[in-house]
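**Student:** Sequence plus the predicted model coming up.
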Amino acid sequence: MRPLMIIRKCCLLLLVVLYHILPGYAQLIAVKTTTIGMGWANNSVNTVIFRKNSLVTYKGTQYAAYYDNDQFVVLAKRPSGFNQWQILRTPYQGDATDAHKAICIMVDGAGYLHVTWGHHNQPLNYAVGTSPGSLELSAKKVMTGDKENKVSYPEFYKLPGGDLLFLYRDGASGNGNLMLNRYSTTTKKWSRVQDGLIDGEGGRNAYWQMVIDKRGTIHLSWVWRESPDVASNHDMCYARSTDGGLTWERSTGEKYVLPITAASAEYACKIPQKSELINQTSMFADDEGNPFIATYWREEGQTVPQYHLVYNNAGKWQVSNLGFRKTAFNLGGGGTKNIPISRPQIVAWNQGKWMAAALIFRDAERGDKVSVAITNDLNSNKWQVSDLSAANVGAWEPTYDTTLWQNNKVLDLFVQKVVQIDGEGRANIPPQLVQVLEWKPTKRIR
């Protein structure tokens, strides 16, 4: 037998052995990384979890957005899966020194790119591609022109027919209302769907996460915050809409009287204040329309905040404590926090008769890498943790191409090493690589 052939067979045998004995190895060998450019890294504004979206794919073209080191909005696109990106620096700057002021993008059903940037109680910054597929942006636009002077946390979502939804907070932390607009690809105009969908009644506000499933049902969950202090976060609430946001109901089908308040909300999980409960985390719905909420908090009597999964199974809310963390920390104060773990993302998929799931996160315990916890069977609550990157990514939080996952079950993560100084501080480091990490879970996960 030739030496080269022997070496190849030995390498193959080694891979098979590693697959069976090393947790997560099957995932590691399926990772691919491509580089877009260099981005601002003096805080976490490019990598905050509430970017909807940092990446989006439409008809085989993937789009990306980030701030460069001069705080300009940069747009990029490529044929999905290719290494080379077409990059355009727009004329718009966004005050990247405030990590709340993230860039969010979406492509509508006619192929136009929609972009917002630079919001933390600021007037609306919004522009649209000048033609389908174009990175060139229009002049700034209004949407409805009403209640657009104190915008925070803007997010785009696409309905199955191609129209867009736009969510944002009108008002300040601890005293703000959730607004919902809809964009028609036919008329190319925005209209108000809900004016204060969730009402904090002047004493609190909702920090939400949302997802639209394949059937077009909108799933919305949120925590309440009583003040600008993150320690005042509490509880996990839920609502859904089957008609594009016009009417809303509980998981039981019981109709809400709008606006939803603290007294009328459905509570998927009761969590007290001062539980290290984070706000604005992530939500997912599987192909059957089942909602999943991923977050972290510290359970009563415990010292270590753990990742949790809140999900609805057979009409009942279930809570899984993943339980693999070892390090305690306290969460309190205002501004963007420097936290030893990231807020998580969750995806799930059918694997035979079981439901498999993956939680994507970053934890100082693991060297601040891109990490994933996977279960073959959600009901077993047995999670296997591994790393998808070898490099330290600082204060990175996971955002991903939601359209690509929904259509192809490929997870493209926006990745950049960033530094976050506690309380909205600004670091002083050079620009860092903006990359896309592609990972496709294997069908057989041990």
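**Tutor:** Nice, I can see it. Predicted, not measured: the structure shown is a model, and the values here were computed from it.
**Student:** Where do the helices of the chain begin and end?
**Tutor:** With helices called from DSSP state H, the chain shows them at 3-21, 25-28, 402-408.
**Student:** Tell me which residues touch the closest residue in space to Trp354 that isn't next to it in sequence, please.
**Tutor:** Once flanking residues are discounted, Trp354 sits nearest to Asp377: 4.2 Å by CB to CB, 6 or more residues apart in numbering. For glycine as for every other residue, the C-beta is placed from the backbone atoms N, C-alpha and C. Neighbour list for Asp377: Trp354, Met355, Ala356 [criterion: CB atoms under 8 Å, 6 or more residues apart in numbering].
**Student:** Count the residues that sit near the second one.
**Tutor:** Put plainly, it is Met355. 20 (other CB atoms under 10 Å).
**Student:** Bridge partners for it, pull those for me.
**Tutor:** Beta-bridge partners for Met355, by DSSP bridges, are Asn350.
**Student:** Show me where this protein dips below the pLDDT cut-off.
**Tutor:** Scanning the chain for pLDDT under 70 picks out 1-29, 173-175, 442-446.
**Student:** and with 80 instead?
**Tutor:** Within the chain, the segments meeting pLDDT under 80 span 1-30, 171-176, 335-336, 423-424, 442-446.
**Student:** Report the contact partners of Asp108.
**Tutor:** Asp108 neighbours (CB under 8 Å, 6+ apart): His114, Lys158, Gly162, Asp163, Leu164, Tyr183, Thr185.
**Student:** any idea how far it lies from Thr185?
**Tutor:** 5 Å (CB to CB, to the nearest Å).
**Student:** Ok, Val372 next?
**Tutor:** From Val372 to Thr185 the distance is 35 Å (CB to CB).
**Student:** So between those two, which is more surrounded?
**Tutor:** A count of neighbours by other CB under 10 Å puts Val372 above the other of Val372 and Thr185, at 26 against 16.
**Student:** Make sure the more buried one is actually in contact with Ser389.
**Tutor:** No. The criterion here is CB atoms under 8 Å, and Val372 misses it with Ser389 at 10.1 Å.
**Student:** any common contacting residues for the two?
**Tutor:** Both Val372 and Ser389 lack any common contacting residue under the criterion CB under 8 Å, 6+ apart.
**Student:** about what we covered before: save the contacts of Asp377 as TSV, and put in distance to Ser264 too.
**Tutor:** What follows is the contacts of Asp377, written out as TSV (distance: CB to CB, whole Å):
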residue	distance to Ser264
Trp354	36
Met355	31
Ala356	35
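**Student:** contacting residues around Thr130?
**Tutor:** Contacts for Thr130 (CB under 8 Å, 6+ apart) come out as Glu136, Leu137, Ser138.
**Student:** of these, buried ones?
**Tutor:** Buried residues within those, counting neighbours by 16 or more other CB atoms under 10 Å: Leu137.
**Student:** and which of the contacts of Thr130 is nearest to Ser342?
**Tutor:** Distance to Ser342, by CB to CB, is smallest for Leu137 among these, at 29.9 Å.
**Student:** For Gln194, give the beta-bridge partners.
**Tutor:** Leu180.
**Student:** give the contact list for it.
**Tutor:** Taking CB under 8 Å, 6+ apart, we find Gln194 in contact with Leu178, Met179, Leu180, Gly245, Leu258, Pro259.
**Student:** how far away is it from Thr47?
**Tutor:** Applying CB to CB, the value for Gln194 to Thr47 is 29 Å.
**Student:** The nearest residue to Asn233 once chain neighbours are set aside: neighbouring residues, count only.
**Tutor:** Beyond its immediate neighbours in the sequence, the residue positioned closest to Asn233 (CB to CB, 6+ apart) is Leu277, lying 4.4 Å away. If you count neighbours by other CB under 10 Å, Leu277 ends up with 28.
**Student:** I figured Gly332 hits Val230, correct?
**Tutor:** Yes. The criterion here is CB under 8 Å, and Gly332 meets it with Val230 at 6.2 Å.
**Student:** Can you pick out the residue with more neighbours from the two?
**Tutor:** Set Gly332 next to Val230 and count neighbours by other CB under 10 Å: Val230 wins out with 21 against 11.
**Student:** Buried among the contacts of Asp108? Make that a PyMOL selection.
**Tutor:** The PyMOL command for the buried members of these (criterion: 16+ other CB under 10 Å) is given here:
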select buried, resi 114+158+162+163+164+183+185
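**Student:** Report the buried residues of stretch 381-389.
**Tutor:** For stretch 381-389, burial by neighbour count (16+ other CB under 10 Å) applies to Trp383, Gln384, Val385, Ser386, Asp387, Leu388, Ser389.
**Student:** same check, this time on stretch 277-296
**Tutor:** By neighbour count with 16+ other CB under 10 Å, stretch 277-296 contains the buried residues 277-286, 290-296.
**Student:** Repeat that for stretch 256-274.
**Tutor:** Quick answer for stretch 256-274 (16+ other CB under 10 Å): Tyr256, Leu258, Pro259, Ile260, Thr261, Ala262, Ala265, Glu266, Ala268, Cys269, Ile271.
**Student:** which two of these lie the greatest distance from each other?
**Tutor:** Farthest pair in these, by CB to CB: Leu258 and Ile271, 24.2 Å.
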